[in-house]
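Engineer: need a structure here:
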Amino acid sequence: MPVTQFATKEKYRYQTGFGCHFESEAVEGALPIGHNNPQKPPYGLYAEKLSGTAFTAPRHENKQTWLYRILPSCAHPPYTPAEKTAAANGVDGAALDEGSSKLHYIPNQLRWDPFDHNEAHDLDFVSGLRLVAGAGDASMKSGLGIYVFTAGKSMDASTAFYSADGDLLIVAQEGDLDIRTEMGWLLVRPMEIAVIPRGVKYQVHLPSGAARGYALELYEGHFQLPELGPIGSNGLANARDFQAPVASFSEDFGATASEGATAYTVTVKFNNTLFQTTQPHTPFDVVGWQGNYYPYKYDLGRFNTIGTISFDHPDPSIFTVLSAPSPVAGTAIADFVIFPPRWLVGEDTFRPPWYHRNTMSEFMGLICGGYDAKRGGAGGFVPGGASLHNVMSGHGPDADSHEGARNAELAPAKVGTGSCAFMFESCLMVGVTEWGLRTCKKVQEGYSEESWGGVITHWKQPEDKPVRSHLLE
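Structural biologist: Residues are numbered from 1 along each chain as shown. Below you'll find the model as predicted:
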């Protein structure tokens, strides 16, 4: 079924498409016609431009949106350091502004048990973010950060958050996320992803209770659909299946920007440090907007999976949903890849992913179900957990999965029913935070030995075939 059957029914209208120039107005006539910043925008609104790229970026890469709002974003008191900057990296862990020099760069394969739920229900989406791994430098707009989140309560209705560091790709794993953004609302359920661009303010509510998931913050560039090449004009994630919000706004303000009945706390992540300000007017006051820089979501059930219909397992790049390219052609700062339900029909083929050493780093998570190349259960690869196979660190099916696939009857088989694994793949060598390596206490210390220590030696030299010497005679 090419559409996920969600337990929670959709409740919002959306605009559909990827990378499109959309326009939306909550009040008819809020958008000016024929130009962007008239002397007096309609209805007394302020015109504000939100730029996601440099003004002179090539047209096909240029990202910008015009917002028509009740008060401009600059109308706030100065930001000051937030009281708990460690919250987004673990209360007992290192601070969020942990630099790359404090990351642990190690070649060992790592796997984590499921990350804890917020049983105390004292963390919201922002305070429940935990930086697990990363690379690069947000201040140089270079690299990425990999997070998990566990939230037990909604963000307060008088709060908002944005990141100046990068675009955030959110992978919902448990619990629904009702995300209010400046451009409108997104309902993001398990088996959906969302991307919140750099600079866009938002607020996360938990309509179904506690939530858990994964996130990748992209410090450079933006996500785009991968090129299809010989696949043709359709396949993988189709542009028509991405959904963007329609304008929605609140009226909570005073006679001037410094007056108002409600105090709104706005938190910003700026070079991996949290700052806050309090303003007497809502940040969600955009009555209309038009442009191509906006948040969006996607149902992973709509992904058109493509694979071999003859022999051999293709490269996992064939499962790429979104890609953030580096300056090197064909090489990504971050790829978002999924392993959804699919048919395996390869003849005389070892069907799970092969053993591999990769110039890319691979961080995997499991949204639901099981993964065909790894055992589940206690101490295995299970929903809410994760693994990291860094640059050139060997990995592949565990011993039992290998033997099962090696001896399997090669009839057509559907794998992954009720399951979806994903991978954040990057050309960068990824370091692990102190929280991710020790404080969370979820690292499976026996992962490598339990997975591959029992790999069987099948080699047997044929008696009638001597070894050829490598020396010149």
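Engineer: please name the nearest non-neighbouring residue to Gln243.
Structural biologist: Among residues not flanking Gln243 along the chain, Tyr14 sits closest, at 3.8 Å (C-beta to C-beta, 6 or more residues apart in numbering). Every C-beta, even on glycine, is put in place using the N, C-alpha and C of the backbone.
Engineer: check contacts around that neighbour.
Structural biologist: By C-beta atoms under 8 Å, 6 or more residues apart in numbering, the contact set of Tyr14 is 243-246.
Engineer: make CSV from the residues you listed and add neighbour count and pLDDT to it.
Structural biologist: Shown next, in CSV, are these (neighbours: other C-beta atoms under 10 Å; pLDDT from 0 to 100):
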residue, neighbour count, pLDDT
Gln243, 23, 98
Ala244, 21, 98
Pro245, 25, 98
Val246, 18, 98
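Engineer: closest to Cys420 out of these?
Structural biologist: Taking C-beta to C-beta as the measure, Cys420 lies nearest Gln243 of these, at 18.5 Å.
Engineer: mind listing what the closest one touches?
Structural biologist: 14-16, 186, 296-298.
Engineer: let me see the ranges of the helices in this protein.
Structural biologist: Applying DSSP state H to the chain gives helices spanning 399-406, 434, 447-452.
Engineer: gap between the residue nearest to Asp400 when sequence neighbours are not counted and Ser451?
Structural biologist: Sequence neighbours aside, Arg375 is the residue nearest to Asp400 in space, at 6.0 Å (criterion: C-beta to C-beta, 6+ apart). With distances taken as C-beta to C-beta, to the nearest Å, Arg375 is found 8 Å from Ser451.
Engineer: among the contacts of Gln243, which lie within strands?
Structural biologist: Mapping the contacts of Gln243 onto strands (DSSP state E) picks out 14-16, 186, 296-298.
Engineer: buried ones among those?
Structural biologist: The neighbour-count criterion (16 or more other C-beta atoms under 10 Å) marks 14-15, 186, 296-298 among these as buried.
Engineer: mind picking the two most distant members of those?
Structural biologist: The widest separation within these (C-beta to C-beta) is 13.3 Å, between Gln15 and Tyr298.
Engineer: re the thing from before, nearest to Met364 among the buried ones among the ones in strands among the contacts of Gln243?
Structural biologist: Of these, the one sitting nearest to Met364 (C-beta to C-beta) turns out to be Tyr298, at 18.9 Å.
Engineer: shared neighbours of Arg375 and Ser451, anything?
Structural biologist: Residues touching both Arg375 and Ser451 by C-beta under 8 Å, 6+ apart: Asp398.
Engineer: of the two, which one has the most company?
Structural biologist: Using other C-beta atoms under 10 Å, the more surrounded residue of Arg375 and Ser451 is Ser451, with 25 against 18.
Engineer: quick one: contacts for the more buried one?
Structural biologist: Taking C-beta under 8 Å, 6+ apart as the test, what Ser451 contacts is 109, 374, 398-399.
Engineer: what does Ala160 give?
Structural biologist: Ala160 neighbours (C-beta under 8 Å, 6+ apart): 201-203, 264-267, 283-284.
Engineer: now swap in Asn62 and tell me
Structural biologist: 53, 292.
Engineer: Phe18 now?
Structural biologist: By C-beta under 8 Å, 6+ apart, the residues touching Phe18 are 225, 237, 239, 242, 296.
Engineer: pLDDT and distance to Gln64 added to those, as JSON lines?
Structural biologist: Output for the contacts of Phe18, formatted as JSON lines (pLDDT from 0 to 100; distance: C-beta to C-beta, whole Å):
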{"residue": "Leu225", "pLDDT": "98", "distance to Gln64": "19"}
{"residue": "Ala237", "pLDDT": "98", "distance to Gln64": "23"}
{"residue": "Ala239", "pLDDT": "97", "distance to Gln64": "19"}
{"residue": "Phe242", "pLDDT": "98", "distance to Gln64": "18"}
{"residue": "Tyr296", "pLDDT": "98", "distance to Gln64": "16"}
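Engineer: name the nearest of the residues you listed relative to His121.
Structural biologist: Using C-beta to C-beta, Tyr296 comes nearest to His121 of these, at 29.3 Å.
Engineer: look up how far Gly380 lies from that closest one.
Structural biologist: Tyr296 sits 33 Å away from Gly380, going by C-beta to C-beta.
Engineer: tell me which of the helices of the chain is the most buried.
Structural biologist: Comparing these by mean neighbour count (mean count of other C-beta atoms under 10 Å), helix 434 ranks first with a mean of 19.
Engineer: tell me the gap between that helix and the middle of its chain.
Structural biologist: Offset of helix 434 from its chain centre (C-alpha atoms, centre = their mean, to the nearest Å): 21 Å.
Engineer: thinking again about what came up before, ok, which of the helices of the chain comes nearest Glu220?
Structural biologist: Across the helices of the chain, Glu220 has its closest neighbour in helix 434 (24.6 Å, C-beta to C-beta).
Engineer: quick revisit: among the contacts of Ser451, which ones are buried?
Structural biologist: By 16+ other C-beta under 10 Å, these give 109, 374, 398 as buried.
Engineer: what number of residues lie near the residue lying closest to the second one once chain neighbours are set aside?
Structural biologist: Read that as Lys374. If the residues on either side of it in the chain are set aside, Lys374 comes closest to Phe381, at 3.9 Å by C-beta to C-beta, 6+ apart. With neighbours defined by other C-beta under 10 Å, the count for Phe381 comes to 25.
Engineer: settle this for me: Phe381 is touching Arg375, isn't it.
Structural biologist: Yes. The criterion here is C-beta atoms under 8 Å, and Phe381 meets it with Arg375 at 7.1 Å.
Engineer: tell me, how many residues neighbour Glu119?
Structural biologist: For Glu119, the count of nearby residues is 9 (other C-beta under 10 Å).
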